[in-house]
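1. Here is a sequence with its predicted model. Questions after.
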Amino acid sequence: MTQFTRSAPPPPPLHPNGVGLCLAMDASKPSLYRSRPWPGLPVSSESLGSLNSVNCMEQLLVQCANAIESNDATLAQQILWVLNNIAPPDGDSNQRLTSAFLRALIARASKTGSCKMLTAVAARADADLALHVHRFSVIDLASFIDLTPWHRFGYTAANAAIAEAVEGVPAIHIVDLTTTHCMQMPTLIDLLANRPEGPPLIRLTVPSLTTTAPPPPMLDMSYDELGSRLVNFARSRNVAMEFMVIPSDPSDAFDSLIEQLRVQRLVSEDEVVIVNCQMLLHYIPEETVGAIATTMSVNSPTLSLRKMFLEALRGLEPTLVTVVDEDADFTESDLVGRLRSAFNYLWIPYDTVDTFLPRGSERRRWYEAGVRWKIENVIAQEGLQRVERVEPKGRWAQRMRAAGFRSAGFTEEAAAEVKSMLDEHAAGWGLKKEEEELVLTWKGHNVVFAAAWVPC
Amino acid sequence: MMELENSSVMTVSNSGSGEGSVSSSSQLQPPAPPPQPPPPNPVVKKKRNLPGTPDPEAEVIALSPKTLLATNRFVCEICNKGFQRDQNLQLHRRGHNLPWKLRQRTGKEPRKRVYVCPEPSCVHHDPSRALGDLTGIKKHFCRKHGEKKWKCDKCSKKYAVQSDWKAHSKVCGTREYRCDCGTLFSRRDSFITHRAFCDALAEESTKKGPGAPASDPKPPAEEEKATATEEATAAEEVTAATEAAVETAPAAVVAAPLPPQQVAPLELQEPAEPTELPQYMPPPSASLANTSGVTCSSSSNTSLFASLFASTTSTAAAHSTATFSDLMSVMGHADRPLTEPPSLCLATNGGPASLFSPQAQSHDRRPFAPPPPSPHMSATALLQKAAQMGAAATGSSFLKGFGLDASSGQQENIQGDGLQWGHHHGQPRQLELEPEPAPMLSAGLGLGLPYEPDLMMGSSSLFGSKPATLDFLGLGMAPVGGTANGGLSALMTSVTGSGGLNMGSGTAAAGWEGTERKPSSPAIR
């Protein structure tokens, strides 16, 4: 019994039947609830403090999801009302997380409900489904991705692996598959420029996503200009670099990009190809998308674009494939399961940014908007629109092995490099070195994994 | 007074003090804590947990703030001397010449313990967010909720944990990287990343352009590789960059707009091969960043600058003619007859054209549109319409509280009926709903239709920041003393009772007791 805290009352007992009685049966505060009949029910976060625990919020979200899935509008509305009042979007990080899920559930309800009257509003809602996501200038993006080690972790690990893999190689071809618009490249160029044997000639190929709703962060600059700046920077470090952009998209497993790479393979057989995947692979549809008949009709229980893509990569005979992604599972077909997984993972970005950015901060708003985009996609979208199909590191390892790769691991130096990078960030970030992967942790929970694969 | 600590000498049962408390697996102790029998010896499971889910078998421990902040948490039970570390305490205890029985710790393997933060508003207050190690929770509590007693001399940053302060003081001011644009960085990787894209680098390369000879790209003598201390070499790097810049091999360039004054140096460049894909580029043009860096399309526009650098009499690709001439005309070199200005943004002389406005290549969105109304407004619409209909409303008072009912007469009670989406009870009024409430709804929903939002708080945000009001529908309304259906509690009770919860009785119980992914919460009895 937490005797020491006098301010917060002990949370009321929750009836085994669920949320229904949690308000009514609060024995310690009988007067508060009974004397305030509906609708004067106290709605401030404090008086509903008993509901403020994150566990309660999760349960409410789960029940709301169930209600929506079973078309029980009454219950859904009620729970939505409660959730709205205990989770303001400008509250603490838990409340913001819950608020984002709440909005996603409502978005979902508006799409899947069978209410005829919703069609007009729903159509409009669809148009607005692309949240207003901030467009970054390139300098803002450069500082934004360094707010937390979320991205820098993968960059550092991959750079170390790449540098080691191309020792002594005079010319390399890097395929950069990232969501962060080549932000890893400057440090890689810098690393390679400092090689004792001198820098290699670098050819850099990136896809420019052709989808109408690319995942955040959004860059407010063309890739051509971006590439020109990179080339210029490389030149300033005495590194010769070529830059090529191929319009391609994860929704078709980067078909046009693969084709281009294949052609290049034919032209220059000895070329050393490095494929650097940072958080982008999980946008390629995998097996669970197969439930819906697609025009491509390639998705079946045993076949998927994701699998095909990895096999195509293998066919390119790359020298190294770095895979960095989020360590969570968003692929469950069941909404409630997916919601739980997402809820139990996406609290992390809210918490990390809460640690050092004040509530009103603009960058924090952008950051949280990015997370909300993910939440909305995972919860409110289905089929091919649901692009956030994150898989845990174990499954990625299985996939890579099935495609003909073996793990190259990371050297001690690489791990030390990552560790010293993390030490420069806020405390709370940690590093786990596992057999095949390096794992970034926040307060002990897995966040991002990094793995290095070579053809076997 | 006994404080909770790691030693198993203090077992779970000693929770009678006001200082620390231990909650064993799933129960929160009632206000009068009876000493509990020690929990049965569990088998320690070293299984790996899913992310975000501490071991459900773990014992959740909630320490008091005083305990967490205390530095001497290990106390000898014999003489009450305090120690910072358990090992020190054990060493000390040996000195008391305890009989053998008492000297041993009680033999059970300690249960895995996770710690929650005592601060109720903290994210780590909940057991599902517990931290796995004691030092971690101490540091967390101290950092987040403690007083910041330690201050860095150089930059006056404050820290609550002494080790944080020490760690910071070591690095503060020791390494500083300054970009030409004036921004300071304490970390090299962020400095490098910034520098690569910074306008300052681009402009430096531009300025040095015309002076150097243009031939084969041998590295100039004074070029240096960057070293650790960037301040010294920053200037040299820039010099090197500009020197190297001018000596690049000719190649096609990525299309970029040129301000007029930069044309002259460009003319000195070697003619480019128009057919190559964008690769090397003459730095003055490439590094121009004083426009918004707009290019006209993605990868196919190789010929724009190719034509620019080709001799004026031969133009490479036909489709670039217009742009070329336009560009030249803009720059005041009227060598060629003007054709109509292309729809490309180059036509705007240095204006900050948005990349995606005229072309709207792959990204078809309005970049600077005002925040669109949230998609979940449609649920609001449903509720409002439901209220209007008065059919299967979720309790009259429920919606009256929202002020949805302009006419307060609709007091239908839907308890136990359940409003199904799309399942209305055939009220004739529902047919009228479309035209009438729709405008109000739309306005209320901020959808931009031209009706004043009399029902809304004027905010397009569905959930306004007014937690005290019933803002679910964005309507801040005073409570209306409607028919008391016993409040939401009774409502939800009845809903629960009538099986409104679709989780199924079995799962519901399981759900509340905590799933297999979470430790059982002390908040749940």
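-> Arrived safely, thanks for sending.
2. going forward, measure contacts and count neighbours with C-alpha atoms only.
-> OK.
3. So stretch A:173-180, near chain B or not?
-> No - Stretch A:173-180 is not in contact with chain B by C-alpha under 8 Å from any C-alpha of the partner chain; minimum separation 12.1 Å.
4. List the buried residues of that stretch.
-> Across stretch A:173-180, burial judged by 16 or more other C-alpha atoms under 10 Å in any protein chain shown covers A:H173, A:I174, A:V175, A:D176, A:L177, A:T178, A:T179, A:T180.
5. Tabulate those (TSV), appending secondary structure and pLDDT.
-> Formatted as TSV, the buried residues of stretch A:173-180 follow (DSSP: H, G, I helix; E, B strand; the rest coil; pLDDT from 0 to 100):
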residue	secondary structure	pLDDT
A:H173	strand	96
A:I174	strand	97
A:V175	strand	97
A:D176	strand	97
A:L177	strand	97
A:T178	strand	96
A:T179	coil	95
A:T180	coil	95
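6. export the residues you listed to CSV and tack on distance to A:A312?
-> Shown next, in CSV, are the buried residues of stretch A:173-180 (distance: C-alpha to C-alpha, whole Å):
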residue, distance to A:A312
A:H173, 17
A:I174, 16
A:V175, 14
A:D176, 16
A:L177, 15
A:T178, 18
A:T179, 21
A:T180, 23
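7. Closest one to A:A107 out of these, please.
-> Among the buried residues of stretch A:173-180, A:T179 lies closest to A:A107 (C-alpha to C-alpha), at 24.6 Å.
8. What values do phi and psi take at that closest one?
-> Phi and psi for A:T179, reported as degrees, to the nearest 10, are phi -90, psi -10.
9. quick one: contacts for it?
-> A:P215, A:P216, A:P217, A:Q278, A:M279, A:L280 (C-alpha atoms under 8 Å, 6 or more residues apart in numbering or on different chains).
10. Tell me how far it lies from chain B.
-> Plainly put, A:T179 is 15 Å away from chain B if you go by C-alpha to the nearest C-alpha, to the nearest Å.
11. got the buried residues for stretch A:197-209?
-> A:P199, A:P200, A:L201, A:I202, A:R203, A:L204, A:T205, A:V206, A:P207, A:S208, A:L209.
12. near chain B, which of those residues show up?
-> A:L209.
13. which one of the buried residues of stretch A:197-209 is nearest B:N88?
-> Distance to B:N88, by C-alpha to C-alpha, is smallest for A:P199 among the buried residues of stretch A:197-209, at 53.8 Å.
14. out of everything not next to it in sequence, what's closest to that closest one?
-> Distances taken as C-alpha to C-alpha, 6 or more residues apart in numbering or on different chains place A:A193 nearest to A:P199, at 4.6 Å, with adjacent residues excluded.
15. Please apply the same query to A:T331.
-> Leaving aside its sequence neighbours, A:T331 sits nearest to A:R389 (C-alpha to C-alpha, 6+ apart; 5.3 Å).
16. name the element the one you found belongs to?
-> For A:R389, there is no host helix or strand (DSSP states H and E).
17. Going along the chain, name the helices of the stretch 201-350 of chain A.
-> Secondary structure of the stretch 201-350 of chain A (DSSP state H, counting those that start in this stretch): helices located at A:223-236, A:255-267, A:305-315, A:335-356.
18. Turn the ones you listed into TSV, including distance to chain B.
-> Shown next, in TSV, are the helices of the stretch 201-350 of chain A (distance: least, C-alpha to the nearest C-alpha, whole Å):
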stretch	distance to chain B
helix A:223-236	4
helix A:255-267	13
helix A:305-315	22
helix A:335-356	5
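19. Need the distance between the two termini of stretch A:314-326.
-> The first residue of stretch A:314-326 is 22 Å away from its last residue (C-alpha to C-alpha, to the nearest Å).
20. just how off-centre is that stretch within its chain?
-> From the chain centre to the centre of stretch A:314-326 is a distance of 19 Å (C-alpha atoms, centre = their mean, to the nearest Å).
21. cool, and stretch A:205-218?
-> Averaged C-alpha coordinates place stretch A:205-218 at 14 Å from its chain's average position (C-alpha atoms, centre = their mean).
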